[in-house]
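Undergrad: whatever this is, show me its structure:
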Amino acid sequence: IGLVKNLKEERMVYLSKSAILNLSTKEHYKYSSNDESLLSPFLQPYWNTVVQWIPLFLAPNMVTFIGFLALILGLAFQLYLCPDLESGLPSWSYFFGAWCCFFYQTMDAIDGKQARRTGASSPLGELFDHGCDSIGSTFQAMMMIEAIGTGRSYYSFLALMLINGTFFTSIWEQYYTSTLRLHVLSGPTEGEFLVMILQVVAGAFGVEAFTSPKQWIINLMSGYGYLENPLFNCDNSGKFIVISMCVSTCIGMLSNAMVAIPYHWKLNPAKDYQLSPFITVLPLFIHMICFGTYLVVAEHIFNENNTVALLTFGLITGYIVNRLVVARVTAVQTSYMYIMQIPTLIIFILMIIGKSTFIYDASILYLMLAWTVLVYSHFIYYIIQDFCSVLNVNCLTLTKEQYNKLYKNL
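TA: Modelled structure (predicted):
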């Protein structure tokens, strides 16, 4: 209580009194994970070797951040050379993108090991790691879209929705079970290696390896109506990969729901708490319905500004995921909706009313992106400040106490 009173004098923008109290009490926080990945056991020796090369003075969040910067660099090169996500890139750019994804995946895998080596594990570390992953999943999805060349088609938006949705449901399950379960169909390891493989194939054979029509796919998809559908005309391997992802990720998300919902009901049998798992999904559901409807109705906006549309959608999803992570580590309830979603909801309502034409101007999409970046930047800055103040830690460096304890043990 004394800590809450002391911190009240500072500016706690995103943490309530109960969140501060829970965050400052170690009993309320415990990180647990269950990695069911098929690839991870084979990669563990590599990760254990690499982490030994990392200097002990390097904070685990800095390890995460360095990997994240590499991913930004890889995507930035590809967007500079091919902003429409479908025209194709020089071979070296695909190979460089694959290396950036691999470097990011390696650093993301060893940051937890570095935290245990340095004794710097904290709720901030989980938030920072998931925060980078929530944005990184969008960046990797866009790099995958670059490789398979779906570009302006709605397959690109579907792929991003699936990847973002899978990450959200994994965190959503963790919110209720307190264990991050990374199974084969929703784990990051297999997904990241898929992106790397697609980048390497595109680098070796060109984007035409995925965009050229394939007769066997045409024969297969014609029976399911995917050739006649104007939104999803599947006639090549790039689009077929997204359809396959749709099946696997939906199974993975259903698996998350089948674990999270019964677990919550068992711990909270009272009727007043039965709807909680569904209410927690509301922000993402509202976001996907409103933004997805906008892009389908305003088709010309997506065709001409697909990169901006995908980036805006992914960042909003990342923000929703991060707010869920904050709620989990501080043991508080989530909100039904967030301020970042207000412009999207307003546009959706105006589309339903049907009396506003200005919303179909591309400038609206750019304003939405600017709003999203502004709100997200505000959140990132202040939530890190809040966590550091409550936990008495630094974000990207070790504290003096951590240094002294670390080298005293050595």
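Undergrad: which non-adjacent residue is nearest the spatially most central residue of the chain?
TA: Nearest to the mean C-alpha position of the chain, by C-alpha atoms, centre = their mean, lies Ser134 at 2.3 Å. Distances taken as C-beta to C-beta, 6 or more residues apart in numbering place Gly318 nearest to Ser134, at 3.8 Å, with adjacent residues excluded. Quick note: C-beta positions are derived from backbone N, CA and C, even for glycine.
Undergrad: next up, the contacts around the residue nearest to the centre of the chain.
TA: Applying C-beta atoms under 8 Å, 6 or more residues apart in numbering to Ser134 gives the contacts Phe167, Thr317, Gly318, Tyr319, Val321, Asn322.
Undergrad: so what does the third one look like in phi/psi?
TA: Phi and psi for Gly318, reported as degrees, to the nearest 10, are phi -60, psi -40.
Undergrad: distance of the residue nearest to the centre of the chain relative to Tyr46?
TA: 25 Å (C-beta to C-beta, to the nearest Å).
Undergrad: and if you look at Ser24?
TA: 37 Å.
Undergrad: tell me how many other residues surround Tyr175.
TA: Residues near Tyr175, counting by other C-beta atoms under 10 Å, number 20.
Undergrad: what about it, is that helix, strand or coil?
TA: Under DSSP: H, G, I helix; E, B strand; the rest coil, Tyr175 falls in the helix class.
Undergrad: any idea which element the residue nearest to it when sequence neighbours are not counted lies in?
TA: Leaving aside its sequence neighbours, Tyr175 sits nearest to Arg328 (C-beta to C-beta, 6+ apart; 4.6 Å). If you go by DSSP states H and E, Arg328 is part of helix 306-329.
Undergrad: which strands and helices lie in contact with that helix?
TA: If contacts are counted by 3 or more C-beta pairs under 8 Å, 6 or more residues apart in numbering; DSSP states H and E, helix 306-329 sits against helix 123-148, helix 154-177, helix 276-297, helix 362-391.
Undergrad: got a list of contacts for the helix or strand that it is followed by?
TA: Using DSSP H and E, the helix or strand that follows helix 306-329 in sequence is helix 342-353. Residues from elsewhere that reach helix 342-353 (C-beta under 8 Å, 6+ apart): 286-287, 289-291, 293-294, 297, 316, 337, 356, 359, 364, 367-368, 371.
Undergrad: buried ones in helix 342-353, by neighbour count?
TA: Under the neighbour-count criterion of 16 or more other C-beta atoms under 10 Å, helix 342-353 has Pro343, Thr344, Ile347, Phe348, Leu350, Met351 buried.
Undergrad: got the angle between it and helix 306-329?
TA: Taking axes from the mean of the first three to the mean of the last three C-alpha atoms, to 10 degrees, one finds helix 342-353 and helix 306-329 inclined to each other by 120 degrees.
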